[in-house]
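Colleague: Output the structure for:
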Amino acid sequence: SFLFALNRRFEPGPRLMSRHLAGLERLPDGFAGRFESLLREGPELDRGRKCEIAGLLARSALAMV
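Modeller: The predicted structure is shown next:
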């Protein structure tokens, strides 16, 4: 939500979120890869690691302001 507001765009529904995020002009460095990691299902990323990645995404987004 924050990144869409920062880019002055309306936030899409959940099904279209990834596609619209990729099209934003202003994204933190490494955002796309980290976001894709959160969406992946499987044992390679446990809940704790996903929480860590979410924190990195949030901090990098807030640093853009």
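
Colleague: Quick one: the helices in the chain, in order.
Modeller: Applying DSSP state H to the chain gives helices spanning 2-6, 17-22, 31-39, 47-62.

Colleague: Mean pLDDT added to those helices, as CSV?
Modeller: Below are the helices of the chain laid out as CSV (pLDDT from 0 to 100):
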stretch, mean pLDDT
helix 2-6, 89
helix 17-22, 87
helix 31-39, 88
helix 47-62, 92
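
Colleague: Any chance of those in JSON lines with mean neighbour count as columns?
Modeller: In short, each C-beta sits where N, CA and C put it, glycine included. Putting the helices of the chain into JSON lines (neighbours: other Cβ atoms under 10 Å) gives the following:
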{"stretch": "helix 2-6", "mean neighbour count": "15"}
{"stretch": "helix 17-22", "mean neighbour count": "14"}
{"stretch": "helix 31-39", "mean neighbour count": "14"}
{"stretch": "helix 47-62", "mean neighbour count": "13"}
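
Colleague: From Arg8, how far off is Met17?
Modeller: 17 Å (Cβ to Cβ, to the nearest Å).

Colleague: nope, Arg47 is what I meant
Modeller: Distance from Arg47 to Arg8, by Cβ to Cβ: 34 Å.
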